[in-house]
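Asks: A structural model of the following input is requested.
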Amino acid sequence: MTTSHPLSTQLTLRQTSTIITPEGASEHEEILAIETPYTIALNDETIGSSMVLPIGLEEFGAGFLFGQGYIKKPEEIKEIFVCPEGRIAVYADVENTAPKEVIITSGCGGTGKISKEMLEGAFEPLQECTITFPEIGAFIRQSLQSSPLGPQTHCIHGCGLWQDGRLQVFFEDVGRHNAVDKVLGAILLRRASSRSAIYTTGRLTSDMVLKCARIGIPIIMSRTAPSSLGLAIARRAGATLIAYARPDRLNVFNAPERIIC
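Replies: Model prediction:
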């Protein structure tokens, strides 16, 4: 498998805002996250597009196509090229690149949709693992400390993967779905394993939980809340679903037996 990188990896820019209060107005320098449009193509057929933070783009391309139901396993992916003009070209050993019937979800930026076939049908057995309570604390802290972009811009979602006592990968994006897709792409590119726990700063809505469960991740954790359908999917798949995750507290909505106190 070969990949190429975009020419620019600038992630932020500085702008000036005017802060207005009852006491008057003053100028303030702000740091903004860069949001860039990218088109994703599979075997030279355009599949979709999204606004993304321009980092982890190979992983994003693979994860996006997984979420849309085109790529199902790592061995299907042959090459990925990230072109400077804003195109992620994925070449894979798949025959069908025709448009799929999709369901529009709560997401935005182009990744807020999933293929109908991904929602239907039985789940494959999850890759089994457990995680200790102290590990969860370390996982959350390391994820939140992995990049300054979140506190700098207040515009970024993060997503990490924990396995064998350490943070394996961590990605950020302007969209919560994009950040998760980058982690799923890392699994498809064999840079991480699904026998792990995933942590996201975004809500655990149906599509977020569904993609994680379909790739085999058994422990799905968020800093914030699940939706009713997100919980229903976790129950169907048998996944551990954790919300409001903090180093000293977890709200476990399903399958708490994978958490070792």
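Asks: in the chain, what secondary structure element scores lowest on mean pLDDT?
Replies: None of the helices or strands of the chain scores lower by mean pLDDT, DSSP states H and E than strand 102-104, at a mean of 63.
Asks: against L161, how distant is L210?
Replies: To L161, L210 is 17 Å away according to CB to CB, to the nearest Å. All C-beta spots, glycine's among them, are computed from the backbone N, C-alpha and C.
Asks: strands of the stretch 151-261 of the chain, residue ranges please.
Replies: Counting by DSSP state E, counting those that start in this stretch, residue ranges of the strands within the stretch 151-261 of the chain are 157-163, 166-173, 197-200, 219-222, 240-246, 249-254, 259-260.
Asks: highest average neighbour count across those?
Replies: Each of those was scored by mean neighbour count; the highest is strand 219-222, a mean of 27, by mean count of other CB atoms under 10 Å.
Asks: what does it contact?
Replies: Strand 219-222 is contacted from outside by 129, 131, 136, 139, 196-204, 208-209, 212-213, 234, 239-245, 250, 258-259, using CB atoms under 8 Å, 6 or more residues apart in numbering.
Asks: ok, 7 Å please
Replies: Outside of strand 219-222, the residues that reach it under the criterion CB atoms under 7 Å, 6 or more residues apart in numbering are 129, 131, 197-200, 202-204, 209, 212, 234, 239-243, 245, 258.
Asks: which strands border it, and is each parallel or antiparallel?
Replies: As defined by DSSP bridges, the strand partners of strand 219-222 come to strand 197-200 (parallel), strand 240-246 (parallel).
Asks: of all the strands of the stretch 151-261 of the chain, which lies closest to E29?
Replies: Evaluated over those, closeness to E29 peaks at strand 166-173, with 21.4 Å, by CB to CB.
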